[in-house]
Structure formats: C-alpha cells, structure tokens
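**Student:** any chance you can model this:
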Amino acid sequence: MKTEDQNPSTSVPTDDEDPIGPDRSLLIVDDDGPFLRRLARAMETRGFAVDTAETVSEGIARSKAAPPKYAVVDLRLADGNGLEVIEAIRQNRDDTQIVVLTGYGNIATAVTAVKLGALDYLAKPADADDVFNALTQRKGEKTEVPENPMSADRVRWEHIQRVYEMCERNVSETARRLNMHRRTLQRILAKRAPK
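**Tutor:** Numbering: from 1, shown residues only. The predicted model follows:
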C-alpha cells in the first residue's frame, strides 16, 4: 500500500545537503499498522518516496517489483520472519541500505540480519530521526556507543537468545546446551528483554 499523506510545509533538501541521494525509494515492512503509517509519513516528510508492506509475502513482492534503495524491515511479522524480506531485497538489489526493527531487543537475530546485509538495527518503537540517521549513515561510519551498558540480566537474556537462534529456535536443544530445564527456558523466552 502506498501512503499519500504528505506535509506540504516540509521542503526536500537541496543536492549538496541531501544525504538521501537521487534514488529516494524506501520500502517499510511492518505489521503494526499505526506505527507503519506514522513512520511512512515521517519518512515522506524527510524526502523519501515511500512504499509499505505489512507481511513477509507483500514485502518480498514489493522488493521484486521495484527494488528499493532503502528499506526498514521489522523482524517479527505476522506471517513469518523479516529476515526473508531482507534476503529477497538483497537478491534483487545489493546496494540497498537496510535497517532492521526489532520489538524484542533480540540482538542475536539482529546480528543475523546485519550478517545478511542490514546496515543497522533499532529497537521498537524507533524514533523517526533514529531511523533516518540509520538509513543515511555512510558505510564505515561508526554508530554512537550507548550511554548505559546492558545489565547482567540483559546480558544473560541476550546469551540465551543467541543460543536459541543457533539451535534454530529449538527449545529442547537450547535447554540442553544451556544445561537448563526446558520449562525454565520457555518462561525466559516468553518474557520481554530486561533493561
């Protein structure tokens, strides 16, 4: 679905100050409708030509029909994993700058996305300025170091998530490798990431 709300008072930057470049195509794939529409409007006001999709299949179809220069992809979608969309985008265009959104702060999956070619990942709900800055970041630029490092509980949770991803999301195998009871692991996986 194409979004058409645009703020007429917003001007597109000139070429010498324009971090987007001549190809302004942006595909946003997210199953959270209100967030998707808000982000699409915000990116349009910043100068992008936005196309949106709410499912993996829709995202793959749109990336094949018109491979975008920029993409913002949520990892957890209603009909599957956003990693499939990232792979499809990469198959159709290898210079696409992709930013991954994750609502669960799951670094293990985000690392996988970066290995597949994503430029950066952001925790949801992401601010439009953060998304814009991540999309327009030049290759080789370093992102800022966070002011507050992860807590010990968060590091533990991230380690469990990483092993879970390595075991291809198999709870029994993950529990065995972590020397943990399967039900305990299931309870940990069901919770949101600690701060």
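**Student:** mind listing the strands for this protein?
**Tutor:** 25-29, 49-53, 70-74, 76-77, 80-81, 97-102, 118-123 (DSSP state E).
**Student:** out of those, nearest to Ile89?
**Tutor:** Closest approach to Ile89 among those (Cβ to Cβ): strand 70-74, 5.5 Å. In this view, the C-beta of every residue, glycine as well, is placed from N, C-alpha and C.
**Student:** now do the contacts for Leu119.
**Tutor:** If you count contacts by Cβ atoms under 8 Å, 6 or more residues apart in numbering, Leu119 has them with Gln97, Ile98, Val99, Ala134, Leu135, Gln137, Lys139.
**Student:** 6 Å instead?
**Tutor:** Leu119 makes contact with Gln97, Ile98, Val99, according to Cβ atoms under 6 Å, 6 or more residues apart in numbering.
**Student:** and the second one, how many neighbours?
**Tutor:** Spelled out, that is Ile98. 25 (other Cβ atoms under 10 Å).
**Student:** now do the first one
**Tutor:** Under the neighbour criterion other Cβ under 10 Å, Gln97 is assigned a count of 22.
**Student:** so for it, what's the pLDDT?
**Tutor:** Predicted confidence (pLDDT) for Gln97: 91.
**Student:** can you tell me how far it is from Pro19?
**Tutor:** Look at Gln97 and Pro19: by Cβ to Cβ, to the nearest Å, they are 11 Å apart.
**Student:** pretty sure Gly47 contacts Gly21?
**Tutor:** No. Applying Cβ atoms under 6 Å, one finds Gly47 not in contact with Gly21, separated by 9.9 Å.
**Student:** bridge partners for Ala49, pull those for me.
**Tutor:** Note on Ala49: beta-bridge partners Ser25, judged by DSSP bridges.
**Student:** hang on, the earlier thing: now the strands of the chain as a markdown table including distance to Ala152?
**Tutor:** Converted to a markdown table, the strands of the chain look like this (distance: least, Cβ to Cβ, whole Å):
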| stretch | distance to Ala152 |
| --- | --- |
| strand 25-29 | 34 |
| strand 49-53 | 38 |
| strand 70-74 | 28 |
| strand 76-77 | 26 |
| strand 80-81 | 29 |
| strand 97-102 | 21 |
| strand 118-123 | 19 |
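**Student:** looking at these, which is buried most?
**Tutor:** strand 70-74 (a mean of 28; mean count of other Cβ atoms under 10 Å).
**Student:** how distant is that one from the center of its chain?
**Tutor:** Offset of strand 70-74 from its chain centre (Cα atoms, centre = their mean, to the nearest Å): 6 Å.
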